[in-house]
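**Q** would you be able to build a 3D model of this:
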Amino acid sequence: MLRLKSEKYEHESSIKKHGFFQHHWYQLKFISVIQLAKLFSQSSNEERSFKKLCLILDGPQYGSDFERLLKDNSLKSAEVAKSREDVLKITSNTRKKLKANKILIKKVIDARNKIYAHLDPKPDVEYINSVEIQKLVEVATDLHNTFQFMIFSRTTEFSLSKDWDIDYVLWYMSELRRKDMEELEGKKDILHKKS
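**A** The predicted structure is shown next:
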């Protein structure tokens, strides 16, 4: 999303004016807002939010599989959750991070509820920009990887998206435009010399 807002190649700005790129940017924002709203939702009926995960982990007792996982973790030398107290520290730190980002979280949830999921005729929503969305993606990645690493000893590298990168497409299209422009100039020169 952010890459579409920056200029890197000579003919890129004219290429990105094409409706496809405008639509692509809108779709990326739409998907980001919807998915981030799910992760950061305060609603009790949201199945996959960090809040719901914290409520479950703060619950009075764990299932036998989770208890076994903590026991297995206690045999590891890594900094992983080895006890209920360790898990409660993770949920406490998660809540602090959620609170520290509550303004951005509110923006994304309001955008989801009043613009993208249910169009209000006159939505009273504070605009969320691409940089703020990127910040929430980083927070979500951090929280996800904290849970994954501290409990399951693994992480996910969400920022590795080389095969999805739009940069190559923009470079290639810019190069084609440059070659077209050079060819056009060459034809103009030939016509000019003939006249």
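**Q** okay, now residue 145: neighbour count?
**A** 15 (other Cβ atoms under 10 Å). Placement of C-beta: from N, CA and C, glycine included.
**Q** surely it meets residue 153?
**A** No - look at residue 145 against residue 153 with Cβ atoms under 8 Å: they stay out of range, at 11.4 Å.
**Q** where do the helices sit along this protein?
**A** 12-15, 19-40, 50-57, 64-73, 84-100, 102-111, 130-152, 167-194 (DSSP state H).
**Q** CSV for these, including distance to residue 124?
**A** Shown next, in CSV, are the helices of the chain (distance: least, Cβ to Cβ, whole Å):
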stretch, distance to residue 124
helix 12-15, 34
helix 19-40, 16
helix 50-57, 24
helix 64-73, 42
helix 84-100, 23
helix 102-111, 8
helix 130-152, 18
helix 167-194, 36
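**Q** can you check which of the ones you listed gets nearest to residue 3?
**A** Set against residue 3 and scored by Cβ to Cβ, the helices of the chain come closest in helix 167-194, at 6.0 Å.
**Q** buried ones in the closest one, by neighbour count?
**A** By neighbour count on 16 or more other Cβ atoms under 10 Å, the buried set for helix 167-194 is 170, 173, 174, 177.
**Q** and those as TSV, adding pLDDT?
**A** Below are the buried residues of helix 167-194 laid out as TSV (pLDDT from 0 to 100):
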residue	pLDDT
170	80
173	84
174	83
177	84
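**Q** would TSV of these with distance to residue 108 be doable?
**A** Shown next, in TSV, are these (distance: Cβ to Cβ, whole Å):
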residue	distance to residue 108
170	27
173	31
174	32
177	36
